[in-house]
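Trainee: Prediction below, plus the sequence it came from.
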Amino acid sequence: MFVSRASYGFTNILYIFAFVLFGLSPSNAFAGTASIATTSPGPTPFIEFVTATYSGKLRDVSFIIRPKSGSLTRPLVASYSSSYLQRTGKLSGNSVTFSVFGLYAGSTNDVVLLFTFEDGGFTIKETTISTTSYTPGCASFESPTFTQNRTSTGQLHFDYFFMKSLCNPGVAEIIDTDGNIRWSGPTSTGGSTMSSALYENGVYFGGGSSIFRMELTDTSIKTVGDYAAYKVQDFHHNLDRGRVGLVADVDTATETEAINLEFDPMTGKALNQWDLGQIITAAMIAGGDDPSIFGPGTSTRDWFHNNATTYNRADNTLIVSSREDFVIAVDYDTPPDGQKKIHWILGDPTKAWYQYPSLRKYALNLSSGTLPPSGQHAISLDEQGNLLLFDDGEGSFSQIPQGQTRTYSAVREFILDTTRKTATAGFVYSANPEIKSNFCGSVYEARGSYLVDFAQANSANTLILQGVDDHKNVVFELDYPGNGCSVGWNAIPLKTSAFYFQ
């Protein structure tokens, strides 16, 4: 194989690895060389530290973990640039130490290491790493059941997912579609995996008034920022990507689950804040309604129950999911008059909110055959720019009237025309036979494939995860014994199995 002297990109690294996976031996006509010196266990069985010596000017160090025999997951790959290694103190003379993470616990892992050099050369080393067994803090993870096995790599466009669990406090898992845990942090972190996210090679999570970051490479934890000055008392539900940073769902002394805060994940700086109680109160008063019965401005009643947000770049709005009421879009930035405003509302017109003319005027009209969401979770914009959500099909818990309660939960995509004020059903999926998850649950898209989380199936005794293709075929189903939302209330597919540290 010809290897260019031009700069290696991540595509080049994967290309070289492909030769190894298919049993070929690429040539190396240049001078750089490397050899493994030592390996040592990391803080969990999923991590091993490798030290290697090398000659030449190092550009990148990469690894690939071969899937187990018979697995249909694509291999997990990561690459560290020399600038990252230098910045983090991993380079010393002509020695480099780096983390191989994502290993199978209790197994002998086949690992391929790639060292690339500035002169265009590279060295490939194959090794095995044996790991100890792992007992998850959440016992349900020990006994998943495959109701349906994946039969082809090409059926699905993701191989790993980020699981948020409440029965193992302070820990989140990365799991592959074979049901193997491939990464987990230590227990007793002081945070909650309810409010967690995988972002830029780290796991972010909230606890008290602070946000923390845990590194994938060694599970070390640092405080990103403290938001007590913004009256934050706790974090709940999601951390979602905003326009610049991450948007957190927070509780304050004046509002329960009705305030969002955007922060910079790198610096911790607070960037933006949305008080949905205040925004809705202003709209109701302006429209001649009394908001006091509806509920804004109280910390003792969960009138809104915010569980997710998503940023809509098309019109610069924040879209917010309120389980009790609706999906609502509001100003992302504060306008000159100082008052963020409502853009539209999508929800069940038989719920309490629709009784108020001041809110009803923002309602999107449903096209023929389109059902409104009821008790929805995990809103996002899919790759077509349409609204995607997990519709629990459950009426309000604290509002009267409660609205519709259905016998099943479903994935719903909505094609929105905010100019004409319409919402039209797009991709809709419900399991056959029907599955009902009264609360929690999620759906997210990964390049035309979907990971669907029925968090409270079988009368809240089972977590059912389904990988679904764009033709609504179930590619795999993985079931975990559970209790309520505790086992996996939300699961997000990883759109790539490659990690790059720059």
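Mentor: Everything's here; your move.
Trainee: Return the residues in contact with residue 398.
Mentor: Residue 398 makes contacts with 295, 301, 302, 303, 305, 324, as judged by C-beta atoms under 8 Å, 6 or more residues apart in numbering. In short, each C-beta sits where N, CA and C put it, glycine included.
Trainee: all strands for the stretch 151-300 of the chain, in order.
Mentor: 160-164, 172-176, 181-184, 192-199, 202-207, 210-215, 221-226, 234-241, 246-251, 259-263, 270-275 (DSSP state E, counting those that start in this stretch).
Trainee: Direction included, what does the second one pair against?
Mentor: What that stands for is strand 172-176. Using DSSP bridges, strand 172-176 pairs in its sheet with strand 160-164 (antiparallel), strand 181-184 (antiparallel).
Trainee: what angle do that strand and strand 210-215 make?
Mentor: Using axes from the mean of the first three to the mean of the last three C-alpha atoms, to 10 degrees, one finds that strand 172-176 and strand 210-215 are set 40 degrees apart in direction.
Trainee: For strand 172-176, C-alpha coordinates in CSV please.
Mentor: What follows is strand 172-176 as a C-alpha-only set of coordinates in CSV (Å, rounded to 0.1, in the frame of the first residue of the first chain):
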residue,chain,number,x,y,z
ALA,A,172,-23.2,5.9,33.2
GLU,A,173,-22.4,3.0,30.8
ILE,A,174,-21.4,2.6,27.2
ILE,A,175,-22.9,-0.7,26.0
ASP,A,176,-22.5,-2.4,22.6
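Trainee: Next, the angle from that strand to strand 192-199.
Mentor: Using the same axes, to 10 degrees: strand 172-176 against strand 192-199 is 60 degrees.
Trainee: Show me which residues of strand 172-176 are buried.
Mentor: 172, 173, 174, 175, 176 (16 or more other C-beta atoms under 10 Å).
Trainee: circling back to that earlier point, pick the most deeply packed of the strands paired with strand 172-176.
Mentor: strand 160-164 (a mean of 25; mean count of other C-beta atoms under 10 Å).
Trainee: hey, where'd the helices end up in the stretch 351-500 of the chain?
Mentor: Counting by DSSP state H, counting those that start in this stretch, one finds helices in the stretch 351-500 of the chain at the ranges 357-360, 457-460.
Trainee: buried ones in the first one?
Mentor: Put plainly, it is helix 357-360. Buried positions in helix 357-360, judged by neighbour count with 16+ other C-beta under 10 Å: 358, 359.
Trainee: And the contacts of it?
Mentor: Against helix 357-360 from outside (C-beta under 8 Å, 6+ apart): 280, 283-289, 342, 345, 349, 353-354.
Trainee: Spit out the contact partners of residue 199.
Mentor: By C-beta under 8 Å, 6+ apart, the residues touching residue 199 are 239, 241, 246, 265.
Trainee: And the strands of the stretch 151-300 of the chain: which comes nearest residue 310?
Mentor: Evaluated with C-beta to C-beta, the strands of the stretch 151-300 of the chain place strand 234-241 nearest to residue 310, the distance being 6.1 Å.
Trainee: Tell me where the stretch 1-150 of the chain has strands.
Mentor: With DSSP E, counting those that start in this stretch as the criterion, the stretch 1-150 of the chain has strands spanning 33-41, 47-55, 58-65, 76-81, 91-92, 95-101, 108-117, 122-130, 145-148.
Trainee: out of those, nearest to residue 483?
Mentor: Closest of those to residue 483 is strand 145-148, at 16.1 Å (criterion: C-beta to C-beta).
Trainee: Does anything pack onto that closest one? Which helices or strands?
Mentor: Applying 3 or more C-beta pairs under 8 Å, 6 or more residues apart in numbering; DSSP states H and E, one finds that strand 145-148 contacts strand 474-481.
Trainee: Neighbouring strands - and their directions - for the strand it packs on?
Mentor: In the sheet, strand 474-481 lines up against strand 145-148 (antiparallel), strand 462-468 (antiparallel) (DSSP bridges).
Trainee: Any chance you could list what contacts that strand?
Mentor: 140-141, 143-151, 155-156, 177, 179, 431, 449, 461-469, 487-488.
Trainee: Just the buried ones from these?
Mentor: Using 16+ other C-beta under 10 Å as the burial test, these include 140-141, 144, 150, 155-156, 177, 179, 431, 449, 462-468, 487-488 as buried.
Trainee: and the helices of the stretch 351-500 of the chain as TSV, adding distance to residue 96 and mean pLDDT?
Mentor: Shown next, in TSV, are the helices of the stretch 351-500 of the chain (distance: least, C-beta to C-beta, whole Å; pLDDT from 0 to 100):
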stretch	distance to residue 96	mean pLDDT
helix 357-360	59	98
helix 457-460	47	92
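Trainee: now those as TSV including distance to residue 332?
Mentor: Listed next are the helices of the stretch 351-500 of the chain as TSV, based on distance: least, C-beta to C-beta, whole Å:
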stretch	distance to residue 332
helix 357-360	20
helix 457-460	36
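Trainee: No further questions, thank you.
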